[in-house]
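K.L.:
Turn this into a model:
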Amino acid sequence: MIVNAILTIMDTLDGLKTVVAVVETGSFTAASDRLGLSKALVSKYVGEVEKQLGVRLFNRSTRRLALTEAGQSYYESALPLIDQFNALIDDVTGEQTSPRGLLRISAPQTFGEMKLSPALPRFLNEYQDMQVDLLLGDKAVDMLEEGIDVRILIGGVDDSSMVARSINTFPLVLCASQAYLQSNDLPQTPADLTDHLCIIDSNFRIGKKWPFLSPNGESESVEVTSRASANSPRAVKEMTVADGGIGLIPRFIVEEELESGELIQILPQYRTLEFGLFAIYPHRKYLSKKVRCFIDFMLNEFGR
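P.N.:
Reported below is the predicted structural model:
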């Protein structure tokens, strides 16, 4: 009887997790990818839940999957139950078990390639039962729909349904190549930038109006001249290295070039923009052990 009871509980949990995955991904196919199950098994689990409850959770058609009122109620009730079960497991096992399973991480393209990717092997070496799926891109992602556990974000946070953990801040710096500065006068003030070619990062809302804060705390905005722009800070760096003009680039992207002298920092006494580095995760009471461990890792690797 005990074995049967345990199996019934596990079947119920499988049903809860499957319905939640279908709701958040919007399809049986996407839910099967998230859960690592076949589409047929996902459909079976959902059908068993509907049969057990005697209600329809989804209205199905050939083109779309729509959540019913009962389905919405089930989903909202299922989330805390899954959280409580996961919390129970963590409470019982305590520090005796390490985090396990797949961790899906979303990160900006350049930061992911230059900073996060080289650090991830250290994370995996520390947590032998973990697997990581790193998804890189600069467009906004729907964490629930895409099954993202943690999103690494550089910039501002404007989604109140998510929890944002501040990791660090990244300042931007003005820089140019030695060859460019040999052919052009070194700017002494932000106003001098109007006499130079500047390379625009089109990801920044400031466009051609670059803000500065002087050593005595005075702020000013300078409209720069530009003949080149790119929607990638790494591309802006490469154009700057190739003597294309003055770039306004996150420091972490040009650290090596500044140290080697390939790029020269301009107006170091002035401050300009800085962006926050955040770890974003869904706003739920229970935070899984694998997410907690990864955020601690981020703080150790990239924290202030």
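K.L.:
When you work out contacts or count neighbours from here on, use the C-alpha atoms and nothing else.
P.N.:
Fine.
K.L.:
Quick check: end-to-end length of stretch 63-72?
P.N.:
Using CA to CA, to the nearest Å, the end-to-end distance of stretch 63-72 comes to 20 Å.
K.L.:
From M239, how far off is the closest residue to H196 other than its chain neighbours?
P.N.:
Distances taken as CA to CA, 6 or more residues apart in numbering put T225 closest to H196, at 6.6 Å, once the chain neighbours are dropped. According to CA to CA, T225 and M239 sit 15 Å apart.
K.L.:
out of these two, which sits in the busier spot?
P.N.:
Neighbour count, other CA atoms under 10 Å: between T225 and M239, M239 has more, with 20 against 16.
K.L.:
where's that one, which helix or strand?
P.N.:
helix 233-241 (DSSP states H and E).
K.L.:
before we move on, what about V132?
P.N.:
Under the criterion of DSSP H and E, V132 resides in strand 130-136.
K.L.:
Quick one: list the elements packing against that strand.
P.N.:
strand 101-107, helix 117-126 (3 or more CA pairs under 8 Å, 6 or more residues apart in numbering; DSSP states H and E).
K.L.:
Quick check: what element follows it along the chain?
P.N.:
Going C-terminal from strand 130-136, and assigning secondary structure by DSSP H and E, you next hit helix 143-146.
K.L.:
And the contacts of that following helix?
P.N.:
With contacts defined as CA atoms under 8 Å, 6 or more residues apart in numbering, helix 143-146 is touched by E24, T25, G26, R34, D149, V150, R151, P282.
K.L.:
Quickly list the domain ranges of this structure.
P.N.:
With domains defined by automatic domain parsing, the chain comprises 2-93, 96-169+276-302, 170-274.
K.L.:
avg pLDDT for the longest one?
P.N.:
This means domain 170-274. For domain 170-274, mean pLDDT is 95.
K.L.:
about what we covered before: what lines up beside whichever helix or strand comes after the helix holding M239 in the sheet?
P.N.:
Sequence-wise, the next helix or strand downstream of helix 233-241 (DSSP H and E) is strand 246-250. Applying DSSP bridges, strand 246-250 is found paired with strand 162-177 (antiparallel), strand 197-201 (parallel).
K.L.:
Need these in a markdown table (columns: distance to P187 and mean neighbour count).
P.N.:
Converted to a markdown table, the strands paired with strand 246-250 look like this (distance: least, CA to CA, whole Å; neighbours: other CA atoms under 10 Å):
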| stretch | distance to P187 | mean neighbour count |
| --- | --- | --- |
| strand 162-177 | 10 | 19 |
| strand 197-201 | 12 | 24 |
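K.L.:
Adding distance to D133, write these out as CSV.
P.N.:
As requested, the strands paired with strand 246-250 are exported to CSV (distance: least, CA to CA, whole Å):
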stretch, distance to D133
strand 162-177, 20
strand 197-201, 28
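K.L.:
What segments of the stretch 1-150 of the chain are strands?
P.N.:
Along the stretch 1-150 of the chain, the stretches classed as strands by DSSP state E, counting those that start in this stretch are 58-60, 65-67, 101-107, 130-136, 150-154.
K.L.:
Indicate each strand paired with the fourth one and its parallel or antiparallel sense.
P.N.:
Right, strand 130-136. Applying DSSP bridges, one finds strand 130-136 paired with strand 101-107 (parallel).
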